[in-house]
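Trainee: what's the 3D shape of this:
(chains A and B)
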Number of protein chains: 2
Amino acid sequence: MAGEFDFIHWIQRQQQADGNVILPAGDDMAVLRWSSADLLLVAVDQVIDGVHFDSAIHSPRQIGRKVMNRNLSDCAAMACLPAGAVACVALPRGCGHEYAQALYLGMREAGDAFDCAIVGGDTGSWPGKLVASVTIFGRSAGIEPIKRSGARAGDWIYVTGALGGSILGRHMDFVPRIALARALAQAHRLTAMIDISDGLSRDLAHICRASGVGADLQSDRIPIHDDAWTLAVKDGRPALQHALHDGEDHELCFTSPDAITMPGIVRIGQTTAQREIRLDGQSLPAAAWEHTL
Amino acid sequence: MAGEFDFIHWIQRQQQADGNVILPAGDDMAVLRWSSADLLLVAVDQVIDGVHFDSAIHSPRQIGRKVMNRNLSDCAAMACLPAGAVACVALPRGCGHEYAQALYLGMREAGDAFDCAIVGGDTGSWPGKLVASVTIFGRSAGIEPIKRSGARAGDWIYVTGALGGSILGRHMDFVPRIALARALAQAHRLTAMIDISDGLSRDLAHICRASGVGADLQSDRIPIHDDAWTLAVKDGRPALQHALHDGEDHELCFTSPDAITMPGIVRIGQTTAQREIRLDGQSLPAAAWEHTL
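Mentor: Coordinates of the predicted model:
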């Protein structure tokens, strides 16, 4: 497919010099220098038309930003520094070069904000809809990766921002909390951390299951986003429910034995030895979060 | 989606201990130890239903093997050792757990043959057809990565096996030439290397363009696969044309100033200072390879 090669050559021309990238996209594999002090962290996340975005509404640039930012948010959740990424795209046949370029430039824009170069990729076209994925690799860079499994009963539970209603638009355009995560990890003992992609109740459940603890949440401490209130008016579900269960906020939820007071950091409860999540003393059903566009 | 979490937990239970994997799939990112002596190599390749396989014909296990083997073949092309992989799958809604599991087990089977663990992934389901990608990372492990750009005029051009007609079935089931590539790189001065995925004429053109050289090929030296002869009978195109232009052989094409005599290694010509590819002295048109299932 001549078009595909044109696109790949175009991407190669977009690449910037990066001291750690010995051989960028264009060969069979990219080659990177790796410091002996660094652990290698790897994650992959995809976005699918009709599931994570709607190509009839969202621009290719937004879609590109989202798929890269989802991966950068994984770096935040581990408190690592992004070091590079590769992208994989199944393009709708006939979408055109400008569309493909805008998709790449969206990924690039999001990556550039964190010095995360796109060092390789694979593109193909097909009669189906758009599927795009990014694989990101990060460096521990002096901070031990924060797992989900280290919370102990009695730790405080925190989130990094207001939650709920991201479907109104924020799910396409959020800022990965990498700098905040690393600042927190350097200043405090973080025992477990996750980025809120499936919804607070579900992602906190991931931490609880991995750590063998439960959680007591206080409803009056859950930070409710303005979008959750707007959505509550629209759909009649309480704003608190949106804050607890909506997905794709991409704020961080973490646990620490430390009493942390930092702007934007909200303490929402405490981990417990009982393996269930309670809200104001009542068992909180882990409402399955179904993403509907 | 409860089904997705079931599948992810099932995958987590399949994981084997690996000394270099500090934290496997299941957290936000996998964490791997990395030797200070090693460069990090990264590539990604996808397979798309109707383009790289046909889900009506090929089993999920075959499809899983193919997408992993495509990436392992990239490792062969750089003469690096695979160190790990992450997978990303957009599953047709309702395909069922057994289908998804067979897909994973196919990837796993191919990876296991080269001690390449699957350390993470992302799955989602949608109304579209199957798209699967694997990102692989490799270690240089004592061998300088072989780029496409190092060929010099006068080098010999070699391939590692018979070519053509892979569409008859071999394109789903090939053996990545990793061991051979590393043995060659340790014994000889390899100046450029690529795996033949787009077809010999096109992949050799990639080496020539990257290296700033041309090539003189001898038609009577091109190793023609039995499948190319079978296909020639079917479609009336000469078997040599299939060997020259068909894709997805996943043999290696490489250049070296050394006269190499090893079982299975075939010398097919020589690089030149004139920037064109000639066959028996005639200019060889770079026939665009169109993959049709």
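
Trainee: where does residue A:105 sit, in terms of helix or strand?
Mentor: Taking DSSP states H and E as the criterion, residue A:105 maps to helix A:97-112.

Trainee: how about the helix or strand following that helix and chain B, touching?
Mentor: The first helix or strand that comes after helix A:97-112 along the chain, using DSSP H and E, is strand A:118-126. Yes: using CB under 8 Å from any CB of the partner chain, strand A:118-126 reaches chain B at A:119-122, A:124, A:126. Every C-beta, even on glycine, is put in place using the N, C-alpha and C of the backbone.

Trainee: state the distance from the closest residue to residue A:59 other than its chain neighbours to residue A:133.
Mentor: Among residues not flanking residue A:59 along the chain, residue A:102 sits closest, at 6.8 Å (CB to CB, 6 or more residues apart in numbering or on different chains). For residue A:102, the distance to residue A:133 equals 17 Å [CB to CB, to the nearest Å].

Trainee: the two: which has the busier surroundings?
Mentor: Per other CB atoms under 10 Å in any protein chain shown, whichever of residue A:102 and residue A:133 has more neighbours is residue A:133, with 32 against 18.

Trainee: tell me the contacts of that one?
Mentor: For residue A:133, the contacting residues are A:44-47, A:67, A:87-89, B:88, B:122, B:133, by CB atoms under 8 Å, 6 or more residues apart in numbering or on different chains.

Trainee: which of the residues you listed lies closest to residue A:32?
Mentor: residue A:87 (15.6 Å; CB to CB).

Trainee: tell me what the closest one is bridged to.
Mentor: residue A:121, residue A:134 (DSSP bridges).

Trainee: returning to what we had before: how about TSV for the contacts of residue A:133, with pLDDT added?
Mentor: Below are these laid out as TSV (pLDDT from 0 to 100):
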residue	pLDDT
A:44	95
A:45	95
A:46	96
A:47	97
A:67	98
A:87	95
A:88	95
A:89	96
B:88	95
B:122	93
B:133	97
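
Trainee: does anything pack onto the helix holding residue A:105? Which helices or strands?
Mentor: helix A:2-14, helix A:60-78, strand A:81-92, strand A:118-126 (3 or more CB pairs under 8 Å, 6 or more residues apart in numbering or on different chains; DSSP states H and E).

Trainee: in JSON lines, list these along with mean neighbour count.
Mentor: Shown next, in JSON lines, are those (neighbours: other CB atoms under 10 Å in any protein chain shown):
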{"stretch": "helix A:2-14", "mean neighbour count": "13"}
{"stretch": "helix A:60-78", "mean neighbour count": "27"}
{"stretch": "strand A:81-92", "mean neighbour count": "26"}
{"stretch": "strand A:118-126", "mean neighbour count": "23"}
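
Trainee: compare the mean pLDDT across these and name the weakest.
Mentor: The weakest mean pLDDT among the helices and strands packed on helix A:97-112 belongs to helix A:2-14, with a mean of 68.

Trainee: starting at the chain centroid, how far to the helix or strand following that helix?
Mentor: Following helix A:2-14 in sequence order, the next helix or strand is strand A:21-23 (DSSP H and E). Remark: strand A:21-23 is offset 26 Å from the chain centroid, using CA atoms, centre = their mean, to the nearest Å.

Trainee: what strands flank strand A:21-23, and is each parallel or antiparallel?
Mentor: strand A:30-32 (antiparallel).

Trainee: so residue A:59 sits against residue A:103, correct?
Mentor: No: in this structure, residue A:59 is not within contact of residue A:103 by CB atoms under 8 Å, at 9.2 Å.
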